[in-house]
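Trainee: Give me a model of this one.
(2 chains, ligands or ions: 2)
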Amino acid sequence: MNPESLPAQLRRAWAVAKKDIRIYYLKGPVLIFGVFMPVFLFLAFYMGGRDLPLSFLIPGLVGMTLFFSATAVSPAIFPWEGSAKTLERLASCPITIEAIVFGDMIASTLFGIGITVITVLIGVGVGLPVLHMEILFVALFFGACCFSAIGTLLAVPPTNIPSSIMMLSSLLKFPLVFISGIFVPLAQMPSWGVSLAAFSPLTYFCDLARYCFSGEHYFSIPVDIGLLALFSVVFMIATMFLHRRTMPRRL
Amino acid sequence: MTEIISARGLVKTFGANRAVDGVSFTVGEGEIFGFLGPNGAGKTTTTRMLTGVIPPDAGTATVLGHDIRREPVLAKQDFGVVPETSNAYTDLSAWQNMMLMGELYGLPRSLAEERSTDLLKTVGLHGKKDQKVQAYSKGMKQRLILAMALVHDPRVLFLDEPTGGLDVQSTQMILSLLRDKNREGITIFLTTHNMEEANRLCHRVAIIRRGKIVAIDAPERLKMAIDRVHRIEVSFDREVPDEALGKVSGVAGVKRTGDKYVLDVLGRDAAIRSLVAFAGENNLQIVTLNTLAPTLDDAFLRLTQEGGP
Ligand SMILES: Nc1ncnc2c1ncn2[C@@H]1O[C@H](COP(=O)(O)OP(=O)(O)O)[C@@H](O)[C@H]1O
Ligand SMILES: [Mg+2]
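Mentor: Ligands and ions are numbered 1, 2, ... in the order given. All right, here's what the predicted structure looks like:
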């Protein structure tokens, strides 16, 4: 097979993803964090005395879980591998930078979906049925793709110090959660709040999740899915383009 | 001879530091080409440009006919790299590292397994193949990295100081594996600051200093080039002014170390005769007189000194 061909590069991206999962995701602390995050989020919000109905709360938590788990590890992989010099090994192998980034995205997509399923199960466990399973699958898929692209996008600044990247990503991640209609329904937001929320892909994911659990939604479902997909593609192209430019500066 | 590696005018600048300054050379098929130079000469930077890890600021490099910038994947598919700092994944076992390499080079699983078994046996790691690399010694890591670089049966191998700081056993194992692979037809590009290693292993050696190549030749010929300038060590029963010795016919330079003088001379025989005559004329007794055999070290030092020979 021509090593430059798309199928060949996709197989190599999958090799990178398996490596990521083995090394970075299937680690005790990461798994524990991943599994307990949905539980703690639920406890904090449900037991915390805020009178949010479950049908509103659970979709928001599903959104937060997916967003935080899909962006939890991937920003640090490039800096880690840069400082461990394993990035130099990848750079001398016949795999494109795009395929390396794509491999990182696959790994964080799978991790994000795996962890978010726990939140969904908690929702079902406390008596909230999933009304639209197929839409939930579609939403999880595009949401995870989109957020993992954001995760690798956060790794673009060419520093090899993981903690500074993690700091930077927290600074960007938390505001995004607050503008995305997780705590306040979009319908109750002032118009400037809705305009702001429209810039966040998490908004569309939460809107979809809400639809799946309660039937309510703010935007139309095709618009939600279409925009989530569009965000995924745009972020993916952006992260690949930017990594191609900054990668040589890490080596 | 088919041209396997070719570098033309490679330049790399870090800030104000011109690490590599117009390096050009070619390596033919089946050659072991040594890239010899002191620390900081630009060996690693050159190797990283040749292997497509960092882009050159100017110049081009081709490996097996593929320009490393324009067709990086095709070029990389056919070479293996042992970089300066060992970089296997320490959280994976040796076996998992080998399998990862197999996948990154697109090998079918069964072929990767077969080759990995053979290679790990060859480098003496098969018994520890399921241990995490974290627990490996430096020598074991380096042997693993060599095995990883060979799993796709490359036609060219780049090694950056592969034996630097290793124990004797690992060094011997690596060097003999390199010789075997070369006999099987692999072209080898190797950097080193170890003269002996270059001398014993390489067919041709380029000497690099401050980012510039100062000589390229067979190691014996580099030695011979230096052979024209001999050194003689002499001491007398009393002090002699350096200038007086410098005026003796055939002596090109005088350096004093303790009570001995090291003389750069143009011809050994003539210089010894005139030194004896000089001693006689000045009523000096010669206490010691040694001719110093030129080594590749001398060649190296001379060629890398300002101005050259
Ligand atoms: N990434 C880098 N950033 C800045 N300077 C560098 C970098 N890599 C190498 N250099 C500088 O370039 C010069 C050549 O280094 P190098 O190629 O590593 O030499 P060698 O391998 O021959 O010891 C040195 O002066 C070194 O400090
Ligand atoms: Mg070096």
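Trainee: Near residue 124, how many other residues are there?
Mentor: Let's take chain A. Using other CB atoms under 10 Å in any protein chain shown, A:Val124 has 13 neighbouring residues. Heads up, the C-betas are built off the backbone N, CA and C, glycines and all.
Trainee: To clarify, I was referring to chain B.
Mentor: For B:Gly124, the count of nearby residues is 15 (other CB under 10 Å).
Trainee: Assumed B:Thr62 was part of a strand.
Mentor: Yes. The assignment for B:Thr62 by DSSP: H, G, I helix; E, B strand; the rest coil puts it in a strand.
Trainee: which residues does it bridge with?
Mentor: B:Ser6, B:Asp67 (DSSP bridges).
Trainee: what's the spacing between it and A:Pro162?
Mentor: Distance, B:Thr62 to A:Pro162, using CB to CB, to the nearest Å: 36 Å.
Trainee: just B:Val254 next, same as before
Mentor: B:Val254 is 58 Å from A:Pro162, by CB to CB.
Trainee: List the residues that contact the residue in the stretch 101-250 of chain B that chain A sits nearest to.
Mentor: Closest approach between the stretch 101-250 of chain B and chain A, counting by CB to the nearest CB: B:Glu103, at 3.5 Å. Residues near B:Glu103 by CB atoms under 8 Å, 6 or more residues apart in numbering or on different chains: A:Arg11, A:Arg12, A:Trp14, A:Ala15, A:Lys18, B:Ala112.
Trainee: Which of these sits closest to ligand 1?
Mentor: Closest approach to ligand 1 among those (CB to the nearest ligand atom): A:Arg12, at 26.1 Å.
Trainee: related to what we said a few turns ago, just the element for the residue of the stretch 101-250 of chain B closest to chain A, please.
Mentor: helix B:94-104 (DSSP states H and E).
Trainee: How far does that helix sit from its chain's centre?
Mentor: Distance, stretch centre to chain centre, for helix B:94-104: 28 Å (CA atoms, centre = their mean, to the nearest Å).
Trainee: C-terminal to it, what's the next element?
Mentor: Note on helix B:94-104: by DSSP H and E, the next helix or strand toward the C-terminus is helix B:109-122.
Trainee: which residues sit against that next one?
Mentor: By CB under 8 Å, 6+ apart, helix B:109-122 touches B:94-95, B:98-99, B:101-103, B:107, B:126, B:129, B:144, B:147, B:150-151, B:153, B:177.
Trainee: burial of A:Pro175, as a residue count?
Mentor: 12.
Trainee: pLDDT on the helix or strand containing it, on average?
Mentor: Assigned by DSSP H and E, A:Pro175 belongs to helix A:162-178. For helix A:162-178, the mean per-residue pLDDT is 84.
Trainee: Show the subsequent helix or strand relative to it.
Mentor: Next along from helix A:162-178, by DSSP H and E: helix A:191-197.
Trainee: between the next helix or strand after that following helix and helix A:162-178, what angle do the directions make?
Mentor: Heading C-terminal from helix A:191-197, the first helix or strand you meet, by DSSP H and E, is helix A:201-214. Angle, helix A:201-214 to helix A:162-178, by axes from the mean of the first three to the mean of the last three CA atoms, to 10 degrees: 50 degrees.
Trainee: Show me which residues of the top helix by length along chain B are buried.
Mentor: Longest helix of chain B, by residue count under DSSP state H: helix B:168-183. The neighbour-count check on helix B:168-183 (16 or more other CB atoms under 10 Å in any protein chain shown) flags B:Ser170, B:Thr171, B:Met173, B:Ile174, B:Leu175, B:Leu177, B:Leu178, B:Lys181, B:Asn182 as buried.
Trainee: hmm, back to that, which strands or helices does the helix holding A:Pro175 pack on?
Mentor: The elements that helix A:162-178 packs onto, with contact taken as 3 or more CB pairs under 8 Å, 6 or more residues apart in numbering or on different chains; DSSP states H and E, are helix A:54-70, helix A:74-84.
Trainee: so does the last one get close to chain B?
Mentor: The reference is to helix A:74-84. Yes. Contact check for helix A:74-84 against chain B, using CB under 8 Å from any CB of the partner chain: residues in range are A:Ala84.
Trainee: Give me the buried positions along that helix.
Mentor: Under 16+ other CB under 10 Å, the buried positions of helix A:74-84 are A:Ser74, A:Pro75, A:Ala76, A:Ile77, A:Phe78, A:Pro79, A:Trp80, A:Glu81, A:Gly82, A:Ala84.
Trainee: ok, so of those residues, who is nearest A:Pro129?
Mentor: Here the nearest of the buried residues of helix A:74-84 to A:Pro129, counting by CB to CB, is A:Ser74; it sits at 32.3 Å.
Trainee: Leaving out sequence neighbours, find the closest residue to that closest one.
Mentor: Ranked by CB to CB, 6 or more residues apart in numbering or on different chains and with sequence neighbours excluded, the top spatial neighbour of A:Ser74 is A:Gly151, at 3.4 Å.
Trainee: And B:Val265, by the same measure?
Mentor: B:Ala271 (3.6 Å).
Trainee: wait, what's in contact with the one you found?
Mentor: So B:Ala271 contacts B:His230, B:Ile232, B:Val248, B:Gly250, B:Val251, B:Leu263, B:Val265 (CB under 8 Å, 6+ apart).
Trainee: what angle do the helix or strand bottoming out on mean pLDDT in chain A and helix A:54-70 make?
Mentor: When the helices and strands of chain A are scored by mean pLDDT, DSSP states H and E, helix A:28-42 comes last with a mean of 81. For helix A:28-42 against helix A:54-70, the angle by the same axes, to 10 degrees is 160 degrees.
Trainee: if you skip the residues just before and after it, what's nearest to the residue of chain B found nearest ligand 2?
Mentor: Closest residue of chain B to ligand 2, CB to the ion: B:Thr44 (3.2 Å). Leaving aside its sequence neighbours, B:Thr44 sits nearest to B:Glu84 (CB to CB, 6+ apart; 5.0 Å).
Trainee: What is the burial count for that neighbour?
Mentor: By the criterion of other CB under 10 Å, B:Glu84 has 17 neighbours.
Trainee: who's in contact with it?
Mentor: B:Thr44, B:Thr47, B:Asp160, B:Glu161, B:Gly164.
Trainee: out of these, which is most surrounded?
Mentor: Going by other CB under 10 Å, B:Thr47 tops the contacts of B:Glu84 with 25 neighbours.
Trainee: if I pick residue 107, what's in contact with it?
Mentor: No chain was given, so I picked chain A. For A:Ala107, the contact set (CB under 8 Å, 6+ apart) comprises A:Val16, A:Ala17, A:Lys18, A:Asp20, A:Ile21, A:Tyr24, A:Tyr25, A:Val73, A:Ser74, A:Ser148.
Trainee: That was the other one, I meant chain B.
Mentor: Applying CB under 8 Å, 6+ apart, the residues near B:Leu107 are B:Arg115, B:Val151, B:His152.
Trainee: so what's it scoring on pLDDT?
Mentor: B:Leu107 is given a pLDDT of 97.
Trainee: Show the backbone phi and psi for it.
Mentor: Here is the backbone geometry of B:Leu107 (degrees, to the nearest 10): phi -80, psi 150.
Trainee: same deal with B:Ile207?
Mentor: According to degrees, to the nearest 10, B:Ile207 has phi -100, psi 130.
Trainee: pLDDT below threshold where in chain B?
Mentor: B:1, B:223-229, B:293-309 (pLDDT under 70).
Trainee: Turn the contacts of B:Glu84 into CSV, including secondary structure and distance to A:Val156.
Mentor: Formatted as CSV, the contacts of B:Glu84 follow (DSSP: H, G, I helix; E, B strand; the rest coil; distance: CB to CB, whole Å):
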residue, secondary structure, distance to A:Val156
B:Thr44, helix, 26
B:Thr47, helix, 27
B:Asp160, strand, 28
B:Glu161, coil, 32
B:Gly164, coil, 33
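Trainee: Which two of the residues you listed have the greatest separation?
Mentor: Maximum distance among those (CB to CB): 13.0 Å, for B:Thr47 and B:Gly164.
Trainee: At the contact with ligand 1, which residues of the stretch 101-250 of chain B appear?
Mentor: By the rule CB under 6 Å from any ligand atom, no part of the stretch 101-250 of chain B lies against ligand 1.
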